[in-house]
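In: Model the structure of this input:
(2 chains)
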Amino acid sequence: MTAQVVVRTDRQRRMLRRMPWWIAALFLVGIAVLWIFPFLWMLSASLKDNMEMFAGGLKLWPSKFVWDNYARAWNDAHFGRYLINTVVTTVITVVIVTIRCATAGYVLARYRFRGSKLFLGVLIATLFVPTGYTIIPVVKISMQLHLIDSLGGMILALSGGAYVSAILLYYGYFRQIPRELEEAAIVDGAGFVRTFFSVMLPLAMPVTATVAVLTFITTWNAFFLPLVFTFSRPDLRTVSVGMQAFVGETATDWSGMAAAGVISIVPVVVLFIFLQRYFVEGISGAVKS
Amino acid sequence: MTSRSVRFKTTWIWIFLVPTVVLYGVYTIYPIIASYWYSLVEWNGFDADQKFVGLSNYREVFADPLFWNSFKVTLFFMLLVVPARVLLTLLLAMVLNSPKLPLIGLLRSAFFIPVVTTTAIIGVVMRFILDPASGPITTVLTKLGFGGVDFLGDQHLALPTAAVLYVWKFFGVTMIYWLAALQTIPYELYEAARIDGAGTGQLFRHITLPMLKPFLIIITVLTVEETFHNFDLMYTLTGGGPYFHTEIIEIYIYRWAFAASIPQLGHASAAAVIFGLLVAVVGALQLWGVYAGRRLRGDQR
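Out: Numbers count the residues shown, from 1 in each chain, chains lettered A, B, ... in the order given. As a prediction, this is how the structure comes out:
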């Protein structure tokens, strides 16, 4: 009997001790809602008609759901087209970047050859090169190679960005794999290429996931390069450039624009929600190394 | 046999490097070098002839008050944004690192979400949210009895507003940096100190702060360098206006190279080279700071 009382007060005490944390959590949830308010507003605006949007102020729940905004954004504002462009560009860029960073990181980490130190040095020196600095020659050389005004050219230019951190992620990972593993593969008769593709690359799966997710988000959100590459080809715009153009063309269709914004942002947000572990790992890698 | 296999290996090593050498060479290394050449010529980008003009582009850029304006705007923006990003995120990260906090995963995700969304689209959406005529913020301000404020159209408010939005957008990145740093501190250390009777303030002063010091420098370096990549937000938010009050160097370059009716690539390239040097100098200064800091710590021990 007395023991039970003691247990209960114990639990109560524990609850009480946790109370401040719950209060803090609730407070933070409030801030978090404010934090993502712009997205909630965009989502709500995309479902209202333009009249209600101007009059409705802050009310988030639309009085009548207007799905037509999405049809307008998809067809009239060509966001269907832009979305396809963005998906194609992003997927191919992710594949190219992941493969090239994996192979480069592997070779730099596992082999010493003439110029390997220099190679790494040059890579690290270009860690922070901003797009604004390289953009003019990139456009010029793309013109000379007849790669401007094409998705292919844009993909190549996007995959040619420094991506130093991705190479370094692979580099760091491959470095710490014990040499015996590679030797075992070679004893088993695997050549250079087989060793990489069937032993080393599968081992580096977590890094690959991180690099792929980071590259996906960088490319999906890219703006400067796609803007400059599609000046004379509006049909090749990505969603980020399309949004800017939409404002220029029809400045009054706010709900259509909100719908276009939702169409453009939902894919990255969904990807993030499912793969956030890799994303967070990729970012924290910058601090740890 | 061995020499052949070595040569064979070397061949494969280079084959593995080829994609990076080609793409990175063409789209990163070549532009870095070519910018210097472009900055020495007069060229509109259409004609084949590039007239060599020596340093006159640089003279023009240095004589252009608008260039100095963009230079100032860029640095001022950095000063506005970096302390907020580095220190406020530390506060939030410390709260979100505590193992006792409920809903921690959800909260972290919520504060991180703006990072993954497209900056250029955020810029456009924010223009509506802050619209002085009928945006939701104006509606609230009007209801509260204040007049509408033209956040992005006012020449004194535009840059601070952009800075606030920038901090909001990239808050999550620095927060993750700090969380990664905080997770390097073993929890046992806190427990041991608490058993010895240390209070929260003491824990912070004697454990958290000293352990975080090396990270503070790295995180500041990363954050400072990131603020130089701000074309997307500024361009879509204000386009450099009103009256060049938010024209960062990247927009200045863009204006001369792509937005002018007759592009002046020489002029733009000269500005780009100066910008590249600025980024490099700031980076080098900070790395030197990291190095000096490390040496100092080494001496103390």
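In: show me what contacts the residue nearest to A:T103 when sequence neighbours are not counted?
Out: In this structure, A:T103 finds its nearest non-sequential neighbour in B:F16, 4.0 Å apart by Cβ to Cβ, 6 or more residues apart in numbering or on different chains. Every C-beta, even on glycine, is put in place using the N, C-alpha and C of the backbone. Neighbouring residues of B:F16 by Cβ atoms under 8 Å, 6 or more residues apart in numbering or on different chains: A:103-104, A:106-107, A:196.
In: Could you check which residue of the stretch 51-200 of chain B lies nearest chain A?
Out: Going by Cβ to the nearest Cβ, chain A is nearest to B:A180 of the stretch 51-200 of chain B, at 3.3 Å.
In: Apart from its chain neighbours, what residue comes closest to the residue in chain A that chain B sits nearest to?
Out: Nearest to chain B, among the residues of chain A, is A:G160, at 2.7 Å (Cβ to the nearest Cβ). In space, and not counting its chain neighbours, A:G160 is closest to B:Y27: 2.7 Å by Cβ to Cβ, 6+ apart.
In: And A:V239, by the same measure?
Out: Closest residue to A:V239 in three dimensions, ignoring its sequence neighbours and counting by Cβ to Cβ, 6+ apart: A:S264, at 3.6 Å.
In: mind checking how far the one you found is from A:N85?
Out: Per Cβ to Cβ, to the nearest Å, A:S264 is found 11 Å from A:N85.
In: How is B:I15 assigned, secondary-structure-wise?
Out: Of the three states, B:I15 takes helix under DSSP: H, G, I helix; E, B strand; the rest coil.
In: And it, how far from chain A?
Out: 8 Å (Cβ to the nearest Cβ, to the nearest Å).
In: so who does that residue touch?
Out: With contact set as Cβ under 8 Å, 6+ apart, B:I15 has no partners.
In: Let's see stretch A:45-61 as CSV, backbone CA atoms only.
Out: Extracted C-alpha coordinates of stretch A:45-61, given in CSV (Å, rounded to 0.1, in the frame of the first residue of the first chain):
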residue,chain,number,x,y,z
ALA,A,45,-3.4,31.2,-51.4
SER,A,46,-3.1,28.5,-54.1
LEU,A,47,-6.5,27.3,-53.2
LYS,A,48,-8.4,30.6,-53.0
ASP,A,49,-9.7,32.6,-55.8
ASN,A,50,-8.0,35.9,-56.5
MET,A,51,-10.8,37.9,-55.0
GLU,A,52,-10.7,36.1,-51.7
MET,A,53,-7.0,36.3,-51.6
PHE,A,54,-6.9,40.1,-51.7
ALA,A,55,-9.8,40.4,-49.3
GLY,A,56,-9.2,37.5,-47.0
GLY,A,57,-6.0,38.7,-45.3
LEU,A,58,-4.5,36.2,-43.0
LYS,A,59,-7.3,33.6,-42.9
LEU,A,60,-5.6,30.4,-44.0
TRP,A,61,-8.7,28.1,-44.7
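In: Just the residues contacting the helix or strand containing B:T138, thanks.
Out: According to DSSP states H and E, B:T138 maps onto helix B:136-143. Helix B:136-143 is contacted from outside by A:41, A:57-58, B:129-132, B:147-149, B:151, using Cβ under 8 Å, 6+ apart.
In: Buried residues in whichever helix or strand comes after that helix, which are they?
Out: Using DSSP H and E, the next helix or strand after helix B:136-143 towards the C-terminus is helix B:158-182. Residues of helix B:158-182 classed as buried: B:158-159, B:161-163, B:165-182 (neighbour count, 16 or more other Cβ atoms under 10 Å in any protein chain shown).
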